[in-house]
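Dropping a prediction and its sequence here:
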Amino acid sequence: MTAPSRRRATYEDVLQAPSNVVAEVLFGTLYTHPRPSLRHANASSHLGGLLCGPFRFGQGGPGGWVIYDEPELHLGAEPDIVVPDLAGWHRERLADLPEDARWTSIAPDWLCEVLSPSTEASDRAEKMEIYLRERVGHVWLIDPIVRTLEVYRHGGDLWQRLAVYRDDAAVRAEPFEALELPLGLLWER
C-alpha cells in the first residue's frame, strides 16, 4: 500500500491562512505560527531601528541599503514563500520593484531571523537551506531568550558561521561592520 500523495501548498494557502498567524510555504509544506511575542518583536524592532539610520538613510553610516520588516519573499521556481523578520538589499537591486508590490522574488543581500520556540526549527533547517540555495549573502540569527547573535556568510555549498556574540557585547558584524552594534540594546524594553 502506498501513502497518499500530499498536495503541494501554494500561495492560495498562504492567502487563506487566518490573519492572526504568519504563513509560509517551505519546500511545498504550509507552515503557520502565531504572531511574534513582545520579546521577539522588541529585538527585531530595535535591530531595524539601529540599522536603518546609518545603512538605509546614510545618517552616520554609508547608506545604500533598503531594509524591510517582515517582507514576503517568493524564492525559487516552485516558489518557497518566506517571511523573514528583517531583510535588506543593496538599493540598486530593488530599483525596478514597484512601490505597491506585495512581495518580491529578489533574494535579499542580508536577512535576520529572530528565533522563537515556535519557529527555531524551521528557521535553522528549511529556511536556512532556502536562503543558501537563493544565495542570500548574509543571515543573522538572533535568540532573544539566550541573548545571542549568530552571523553567517554564504560560502557556496555551505554557510560559513563567522561569529556568535552574546549578551551586551559591542560587535561589528558583516555586512554592517561599519557600525558598532551594542547588542544590549536588542534585549532592552
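Looks like it arrived, so ask away.

Relative to Trp103, how far out is Glu174?
Using Cβ to Cβ, to the nearest Å, we find Glu174 at a distance of 26 Å from Trp103. Where you see a C-beta, it was placed from the backbone N, CA and C, and this is true even at glycine.

same check, this time on Arg93
Taking Cβ to Cβ, one finds Arg93 at 15 Å from Trp103.

go on, Phe176?
Phe176 is 24 Å from Trp103, where distance means Cβ to Cβ.

between the two, which one's more packed in?
Phe176 (24 against 16; other Cβ atoms under 10 Å).

quick one: contacts for the more buried one?
The contact partners of Phe176, taken as Cβ atoms under 8 Å, 6 or more residues apart in numbering, are Leu51, Phe55, Trp110.

again, only this time at 10 Å
The contact partners of Phe176, taken as Cβ atoms under 10 Å, 6 or more residues apart in numbering, are 47, 50-51, 54-55, 61-62, 65, 67, 88, 110, 138, 140, 151.

so what's the spatially most central residue of the chain closest to, chain neighbours aside?
With distances taken as Cα atoms, centre = their mean, the residue of the chain nearest its centroid is Pro84 (3.1 Å). Excluding its sequence neighbours, the residue lying closest to Pro84 (Cβ to Cβ, 6 or more residues apart in numbering) is Leu111, at 4.3 Å.
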